[in-house]
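# Kindly return the folded structure for what I paste below:
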Amino acid sequence: MIRLLAALGALVLGGLASIGRLAIFTGQTVSHIVRPPFYPRELGAALLQIGYFSLPVVGLTAFFTGGALALQIYSGGARFSAEAVVPQIVAIGMVRELGPVLVGLMIAARVTSSIAAEIATMKVTEQIDALVTLSTNPMKYLTMPRVLAATLVMPLLVAVGDIIGIFGGYMVATYRLDFTSVTYLKNTVDFLEWLDILSSLTKGAAFGFIAALMGCYFGMHSDRGAMGVGRATKSSVVAAAVLILAANFILTEAFFSS
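Model prediction:
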């Protein structure tokens with residue numbers, strides 16, 4: 001019994017220590033965003049890598065999700081003669097929830113893993129130690145540009161995902177479900193509110209911050225060797241996905257609890 005309690009206590013203490021390290025890392029990252037020196041070249045490269053090169057996967061994911069959502073809503077609505085609500089539900093579903101969450105998870109899969117593997121490899125090959133030797137702060141040079149870039153560019157990616165997702169639903173509804181184009185677009189525009197769009201963009205910024213932060217954190221704290229790089233990459237994606245879903249619940253509660 002004593003051994004069981006000791007093991008449980010060690011697990012709890014280890015978890016609290018991990019939370020503390022992450023909180024300190026987050027605070028340091030945020031403080032570096034507002035303090036010089038700045039590295040605009042690194043920021044530009046991060047904006048390009050996280051934003052522009054993520055557009056294909058974001059667009060394809062959103063398009064097929066919007067189309068599948070239209071089919072599902074039409075099929076479900078047919079059970080109680082409510083097929084006409086397809087445009088409204090596709091719009092609110094994509095903008096409020098599916099758009100931000102799916103884009104966030106795609107960025108976690110593509111960008112978080114890439115950042116974690118890159119920084120962990122730099123740590124294994126002692127490139128981070130070389131930065132310190134050259135009087136360059138690794139967090140300022142590696143972490144801050146990636147976190148700032150993800151926070152800035154994710155709302156744009158979410159906006160693109162929302163538009164393409166709604167377009168996917170529009171294509172399915174007009175070519176497969178016999179909706180008229182003008183009616184579908186009018187119902188979509190009339191149903192959406194500014195609060196829906198604001199919540200979507202806010203979620204995008206929060207999810208981008210989480211995705212990049214997790215990649216940098218686990219990359220910086222990876223173990224030595226190839227196994228350490230793999231473990232850091234896996235842990236970063238899992239942590240980013242879980243925190244994105246948790247943040248989505250919190251933000252949804254904050255925006256729409258009333």
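# mind checking the backbone torsions on the residue nearest the centre of the chain?
The centroid of the chain falls nearest to Gly104 when counting by CA atoms, centre = their mean (2.4 Å). When quoted as degrees, to the nearest 10, the phi and psi of Gly104 stand at phi -60, psi -40.
# State the distance from it to Pro155.
Look at Gly104 and Pro155: by CB to CB, to the nearest Å, they are 11 Å apart. In short, each C-beta sits where N, CA and C put it, glycine included.
# hey, what's in contact with both of these two?
Counting by CB atoms under 8 Å, 6 or more residues apart in numbering, the contacts common to Gly104 and Pro155 are Gly204, Gly208.
# Which strands or helices does the helix or strand hosting Ile24 pack on?
Counting by DSSP states H and E, the element that carries Ile24 is helix 2-33. Under the contact criterion of 3 or more CB pairs under 8 Å, 6 or more residues apart in numbering; DSSP states H and E, helix 2-33 touches helix 144-175, helix 194-220.
# Buried residues, stretch 80-94. List them.
By neighbour count with 16 or more other CB atoms under 10 Å, stretch 80-94 contains the buried residues Glu83, Val86, Pro87, Gln88, Ile89, Val90, Ala91, Ile92, Gly93, Met94.
# Return the residues in contact with the fourth one.
If you count contacts by CB under 8 Å, 6+ apart, Gln88 has them with Asn187, Thr188, Phe191.
# And the first one, by the same measure?
Taking CB under 8 Å, 6+ apart, we find Glu83 in contact with Tyr74, Gly77, Leu177.
# For PyMOL, write a command that selects the buried ones of these.
The following PyMOL line selects those of those that are buried, judged by 16+ other CB under 10 Å:
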select buried, resi 74+177
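# Turn the contacts of Glu83 into JSON lines, including distance to Gln28 and pLDDT.
Below are the contacts of Glu83 laid out as JSON lines (distance: CB to CB, whole Å; pLDDT from 0 to 100):
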{"residue": "Tyr74", "distance to Gln28": "50", "pLDDT": "84"}
{"residue": "Gly77", "distance to Gln28": "50", "pLDDT": "73"}
{"residue": "Leu177", "distance to Gln28": "52", "pLDDT": "83"}
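# could the contacts of Glu83 be laid out in JSON lines, adding secondary structure and distance to Pro145?
Formatted as JSON lines, the contacts of Glu83 follow (DSSP: H, G, I helix; E, B strand; the rest coil; distance: CB to CB, whole Å):
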{"residue": "Tyr74", "secondary structure": "helix", "distance to Pro145": "45"}
{"residue": "Gly77", "secondary structure": "helix", "distance to Pro145": "46"}
{"residue": "Leu177", "secondary structure": "coil", "distance to Pro145": "45"}
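# Out of the helices and strands packed on helix 2-33, which is closest to Arg21?
Of all these, helix 194-220 sits nearest to Arg21, with 8.2 Å by CB to CB.
# Buried residues, that closest one. List them.
Neighbour-count burial for helix 194-220 flags 196, 199-220 (criterion: 16+ other CB under 10 Å).
# Same question for stretch 248-258.
Within stretch 248-258, the residues scored as buried using 16+ other CB under 10 Å are Asn248, Leu251, Thr252, Phe255.
# closest to Leu98 among these?
The closest of the buried residues of stretch 248-258, once distances to Leu98 are taken by CB to CB, is Asn248, at 10.5 Å.
# So for the closest one, what's the nearest residue that isn't a sequence neighbour?
Val101 (5.5 Å; CB to CB, 6 or more residues apart in numbering).
# does the one you found belong to a helix or a strand, and which?
helix 99-107.
# What ranges in the stretch 1-150 of the chain fall below the confidence cut-off?
The stretch 1-150 of the chain contains residues with pLDDT under 70 at 82.
# Would you mind confirming that Met139 makes contact with Ser31?
No - the pair Met139 / Ser31 is not scored as a contact, 9.3 Å apart, by CB atoms under 8 Å.
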